[in-house]
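Asker: using only what follows, build the 3D model:
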Amino acid sequence: MTIALTIVTDRPDAAVRALFGFSADRAPDWLAVISSIGDLSGIPTGAPVLSLWFSDGSTIEAMWREERSARSFDLDFQRHADRIADWLARRDASERKYCAEACGTGSAREEAGTGAADQPVAATSRPSAPPPAALPARAPQSSPLATKWS
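Answerer: This is a model prediction of the structure:
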């Protein structure tokens, strides 16, 4: 698959969690996460890149700054963040659709005799105490709260 976005960071798992909400091992195929100085030169000129740092002045951050000054990259953070948000929204919609379709097979389960209709009704005990009566509109005058918050 073609790499659509590269993240340059000093902590790959933290960066993917911050941007996507899950660990780096579940990152989409179109995402490249680089945390090695040797891999910086492999980023194509003009490629869309997000840099995300979790420490002050890491070596890879310094090397990335040099690489950025030597070559041109697509560094529009907001546009890339919007693309990630769009991808997450489409993924979530797809998962909701899948779950709805999976739950829609309830009639097949009922026909097979595994639905709630063939289960015995559970006996329930009476509540141990009646529900509380309505609370007074104001605290009674004998209450310590009456003078403080009345």
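Asker: ok, for P28, nearest residue in space, not its chain neighbours?
Answerer: Nearest residue to P28 in three dimensions, chain neighbours excluded: W87, at 7.0 Å (Cβ to Cβ, 6 or more residues apart in numbering). To be clear about C-beta, it is placed using only N, CA and C from the backbone, and glycine gets the same treatment.
Asker: isn't that neighbour right up against A27?
Answerer: No - at 11.1 Å, W87 does not count as touching A27 under the criterion of Cβ atoms under 8 Å.
Asker: need the pLDDT of the residue nearest to P28.
Answerer: On the pLDDT scale, W87 is placed at 92.
Asker: could you measure from it over to G57?
Answerer: 31 Å (Cβ to Cβ, to the nearest Å).
Asker: pull the contacting residues for D29.
Answerer: Shown in contact with D29 (Cβ atoms under 8 Å, 6 or more residues apart in numbering): M1.
Asker: where does it fall, secondary structure wise?
Answerer: Using DSSP states H and E, D29 falls within no helix or strand.
Asker: same check on R91?
Answerer: Counting by DSSP H and E, R91 is found in helix 77-103.
Asker: for that helix, enumerate the helices and strands it packs against.
Answerer: Packed against helix 77-103 by the contact rule (3 or more Cβ pairs under 8 Å, 6 or more residues apart in numbering; DSSP states H and E) you find strand 5-9, helix 12-20, strand 49-52.
Asker: and if we set it to 7 Å?
Answerer: Judged by 3 or more Cβ pairs under 7 Å, 6 or more residues apart in numbering; DSSP states H and E, the packing partners of helix 77-103 are helix 12-20.
Asker: show residues contacting the helix it packs on.
Answerer: For helix 12-20, contacts defined as Cβ atoms under 7 Å, 6 or more residues apart in numbering pick out 7, 9, 22-24, 27, 33, 35, 52, 54, 84, 88.
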